[in-house]
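Undergrad: predicted model and sequence follow; I will ask about them next.
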Amino acid sequence: MALESESQKKSYGVFGDVYGVMMVPKELEIEKDASIDQFRFQLPDLKQAFQDFMRTREVGEFISGALAGAMTKAVLAPLETIRTRMVVGIGSKNISGSFLEVIEQQGWQGLWAGNTINMLRIIPTQAIELATFECVKRSMTEAQEKWSKKECPKLQIGPVSLNLSISWISPIAVAGAAAGIVSTLACHPLEVLKDRLTVSPDIYPSISVALSKIHNDGGIGAFYAGISPTLIGMLPYSTCYYFMYETMKKSYCTAKNKTSLSRPEMLLIGALSGFTASTISFPLEVARKRLMVGALQGKCPPHMAAALSEVIREQGIMGLYRGWGASCLKVMPSSGITWMFYEAWKDILLAERRHL
């Protein structure tokens, strides 16, 4: 009986109160606990999800663009200051004269006027621009490959049948245009702020004063002053810039039977792509700057065509390329250094992600 009683203790659970006692098989007690566990709420592993997100290719490209932009701007800020002054028409009409004027009026630190906001502007701008370019280029290429494997959709208009093929569209050109538009829409307020700090440091001595004054003068819309001409000017520049870089890069690698470029080759090809894009779109850049800064001088043209005609009337056709030398002096090293740093950081960060 003692053995039987011990066996019952092992196979039964005891439940009861002052009125009685009930013995329940252990199997039912286990099933009860399991059913309770099923309804327990489990929090998602946010740490693991964040780590997986940070290892994606898109994040690597975004960070590479930000680092490349910051490193480039830290070196080339003086050239950006001189270029802006010459394009707007302030002070001397040549590079050396403008350089000496800034030093005489503001000291050496004047060459870095607005550099803080310039850094704050270029980091998100380059990150968004390069990440958008890579993402759109990949998406367009994949879409073209999918459409090439199956019959293209057709549009029937009466007796006319049109093939809706996208094989004739350049993924690089579309990606370049998208990169310029997206980055401009996201970061245009910082461009307005930088121009005010650079052109009128006496009126806008600091970032906080500039933010307050711009907002008081025109509200939130004042930070998007000149957005239309900016987009018009950015579209041909960005499209040509990325198209030239990728085309020259591919042609050079094919001619030399190489799979990738060395750092000096990236520097050279990046500089040439920036030179070409800047030369083609520079008149639009002159008109854009005049529209953005014209309000400060009390004579802002109503639109881009009016700004272009005003420049031609006052300075002739060559006025459309006033400051072009300073612009190339800034754009060429900037483009080359940016591509060199971007490709280097991308190789490092994406290689790390492949091995994680």
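TA: Nice, thanks for sending it over.
Undergrad: report the contact partners of Val174.
TA: Residues near Val174 by CB atoms under 8 Å, 6 or more residues apart in numbering: 136-137, 140. Bear in mind the C-beta positions are built from the backbone N, C-alpha and C, glycine included.
Undergrad: how close does it sit to Cys240?
TA: The gap separating Val174 from Cys240 is 13 Å, by CB to CB, to the nearest Å.
Undergrad: re the thing from before, so which of the contacts of Val174 belong to helices?
TA: 136-137, 140 (DSSP state H).
Undergrad: gap between the two ends of stretch 311-326?
TA: Chord length of stretch 311-326, first to last residue, is 18 Å (CA to CA, to the nearest Å).
Undergrad: follow-up on the earlier one: dump the ones in helices among the contacts of Val174 into TSV; add pLDDT, neighbour count and distance to Thr184 as well.
TA: Formatted as TSV, these follow (pLDDT from 0 to 100; neighbours: other CB atoms under 10 Å; distance: CB to CB, whole Å):
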residue	pLDDT	neighbour count	distance to Thr184
Val136	95	19	15
Lys137	94	21	18
Met140	90	19	20
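Undergrad: go through the residues you listed and name the one nearest Leu308.
TA: Leu308 lies nearest to Val136 out of those, by CB to CB, at 30.0 Å.
Undergrad: ok, the closest residue to that closest one other than its chain neighbours - contacts?
TA: Nearest residue to Val136, sequence neighbours excluded (CB to CB, 6 or more residues apart in numbering): Ala175, at 3.9 Å. Counting by CB under 8 Å, 6+ apart, Ala175 touches 132-137, 140, 242.
Undergrad: quick one: buried residues of the host helix or strand of Thr230?
TA: If you go by DSSP states H and E, Thr230 is part of helix 227-255. Neighbour counts using 16 or more other CB atoms under 10 Å place 227, 229-231, 233-246, 248-249 of helix 227-255 among the buried residues.
Undergrad: show me what that helix is packed against.
TA: Where contact means 3 or more CB pairs under 8 Å, 6 or more residues apart in numbering; DSSP states H and E, helix 227-255 is packed against helix 171-199, helix 263-297, helix 304-315, helix 324-355.
Undergrad: mind giving me TSV with those helices and columns for mean pLDDT and distance to Ala255?
TA: Formatted as TSV, the helices and strands packed on helix 227-255 follow (pLDDT from 0 to 100; distance: least, CB to CB, whole Å):
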stretch	mean pLDDT	distance to Ala255
helix 171-199	88	18
helix 263-297	83	12
helix 304-315	81	39
helix 324-355	83	19
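Undergrad: among these, which comes closest to Leu76?
TA: Using CB to CB, those put helix 324-355 closest to Leu76, at 5.3 Å.
Undergrad: next, the angle helix 263-297 makes with that closest one.
TA: 130 degrees (axes from the mean of the first three to the mean of the last three CA atoms, to 10 degrees).
Undergrad: report the buried residues of helix 324-355.
TA: For helix 324-355, burial by neighbour count (16+ other CB under 10 Å) applies to 324, 326-346, 349-350.
Undergrad: any idea how far the spatially closest residue to Ile280 that is not a sequence neighbour lies from Glu314?
TA: Nearest residue to Ile280 in three dimensions, chain neighbours excluded: Cys240, at 5.5 Å (CB to CB, 6+ apart). Distance from Cys240 to Glu314, counting by CB to CB: 27 Å.
Undergrad: what of Val59?
TA: 48 Å.
Undergrad: ok, the two, which is more surrounded?
TA: More crowded of Val59 and Glu314, by other CB atoms under 10 Å: Val59, with 15 against 9.
Undergrad: tell me which residues in the helix or strand where the more buried one lies are buried?
TA: Per DSSP H and E, Val59 falls inside helix 57-88. Buried residues in helix 57-88, defined by neighbour count with 16+ other CB under 10 Å: 57, 60-73, 76-88.
Undergrad: tell me which helix or strand comes right after it.
TA: Following helix 57-88 in sequence, per DSSP H and E, is helix 95-106.
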